[in-house]
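Using only what follows, build the 3D model:
(one chain, ligands or ions: 1)
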Amino acid sequence: MTIPIHQRTLNKPVSCSGIGLHSGKTVHLTLKPASVNHGIKFVRKDLPDNPSIPALFNCVVDTSLATVIGSDGVIVSTIEHLMACLAGLSIDNVIVELDSYEVPVMDGSAGPFTRMILEAGIRELEAPRHFFMLKEPIELEQDGKFVGAYPDDTFKFTCHIEFEHPLIRSQSCTIEVVDHEFERKISSARTFGFLHEVEYMKRYGLARGGSLDNAVVIDENNVLNDEGLRYQDEFVRHKLLDCIGDFALLGMPILGHIVTRKSGHEFNHAFLERFFNDKASWHTQTLQEPAAVPSKTAKSLAI
Ligand SMILES: [Zn+2]
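Next comes the predicted model:
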């Protein structure tokens, strides 16, 4: 298994539409190829001058119900599953155009985005990818939540969740973000919620677009969706999907092993700030063939 070492984008534009989870409004979304070092940027086509917001952690303005980025009073909400998909497919440069403030929820997973991108095809660009290289572990722990990043020769995630619920209890999942691993093991895992939480959110006008079509909903003992679960451990797979999306906001992959326990968007973002500010513990560099031998083949890059 190898990690792509050249920057990548899409072969051609692709579009989809769906409803926003929180707004309940229909949104049209188009992904367009972008050039080297463009990164991922969201463009609001419904607003004058089409303002754009880079998908970077320092543009995150809210993580309470979804990951929201903003700049100069313009926001784009619920970006996490699309970001996970782009990072999971090792795509570095994309223009994301949308005509509302919220990315469509689709089926609550990254599966529809993943299929649409793979149909369009992925194009390798003639420039190296930049990676964060860890010199030492970086860890953050608070109130039983934990996130750690450890030096490794690949881009790997392990998530662990614990819920006092008979269908979940304690679950762990690990994947390397290489080849088809994300597409096969993570992309189709849906977001999930407990019935009492869903009822509470609906009462306060939140999750207006939420339904059994775009989330796994569980009551005290059962999955309420007729089709059941897509994987027996779909819950932790979705947490891992969310985590990949959150870490994508660093703007480049970490050549390292990310380990989380009982974390969520908010704590992941606290870790990203800690990580980015701990500049003595990492540097950035490109890789040359063969991948994953960083110490001998790496070319240092100052940022
Ligand atoms: Zn999610």
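
how about the strands in the stretch 151-300 of the chain?
For the stretch 151-300 of the chain, applying DSSP state E, counting those that start in this stretch gives strands covering 156-163, 169-176, 192-194, 216-218, 254-261, 282-286, 299-301.

so which of those comes closest to the ion?
Closest of the strands of the stretch 151-300 of the chain to the ion is strand 192-194, at 8.6 Å (criterion: C-beta to the ion). C-beta here means a position set from N, CA and C on the backbone, and glycine is covered the same way.

elements contacting the closest one?
strand 216-218, helix 234-247 (3 or more C-beta pairs under 8 Å, 6 or more residues apart in numbering; DSSP states H and E).

who's in contact with the spatially closest residue to Cys59 that is not a sequence neighbour?
Nearest residue to Cys59 in three dimensions, chain neighbours excluded: Ile69, at 4.3 Å (C-beta to C-beta, 6 or more residues apart in numbering). Going by C-beta atoms under 8 Å, 6 or more residues apart in numbering, Ile69 touches 42, 53-56, 59-61, 75-76, 79.

out of the residues you listed, which one sits closest to the ion?
For the contacts of Ile69, the nearest to the ion is Ile79 (10.6 Å; C-beta to the ion).

and the residue of the stretch 201-303 of the chain found nearest the ion, what does it touch?
Nearest residue of the stretch 201-303 of the chain to the ion: Asp242, at 4.2 Å (C-beta to the ion). Residues counted as contacts of Asp242 (C-beta under 8 Å, 6+ apart) are 80-81, 84, 191, 264-265, 268.

and what of Asp213?
Asp213 neighbours (C-beta under 8 Å, 6+ apart): 107-108.

one step back: let me have the helices and strands packed on strand 192-194 in TSV, extended by distance to Thr154.
Output for the helices and strands packed on strand 192-194, formatted as TSV (distance: least, C-beta to C-beta, whole Å):
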stretch	distance to Thr154
strand 216-218	30
helix 234-247	14
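
just those: most buried one?
Ranked by mean neighbour count under mean count of other C-beta atoms under 10 Å, the helices and strands packed on strand 192-194 are led by helix 234-247, which reaches a mean of 26.

Send me that one as CSV with only the CA atoms.
Coordinates of the C-alpha atoms in helix 234-247 are reproduced here as CSV (Å, rounded to 0.1, in the frame of the first residue of the first chain):
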residue,chain,number,x,y,z
GLU,A,234,-20.9,1.5,11.5
PHE,A,235,-20.8,3.9,14.5
VAL,A,236,-17.1,3.9,15.0
ARG,A,237,-16.5,3.9,11.3
HIS,A,238,-18.5,7.1,11.0
LYS,A,239,-16.5,8.7,13.9
LEU,A,240,-13.3,7.8,12.0
LEU,A,241,-14.8,9.4,8.9
ASP,A,242,-15.5,12.6,10.9
CYS,A,243,-12.0,12.5,12.2
ILE,A,244,-10.5,12.3,8.7
GLY,A,245,-12.6,15.3,7.7
ASP,A,246,-11.5,17.3,10.7
PHE,A,247,-7.8,16.6,10.1
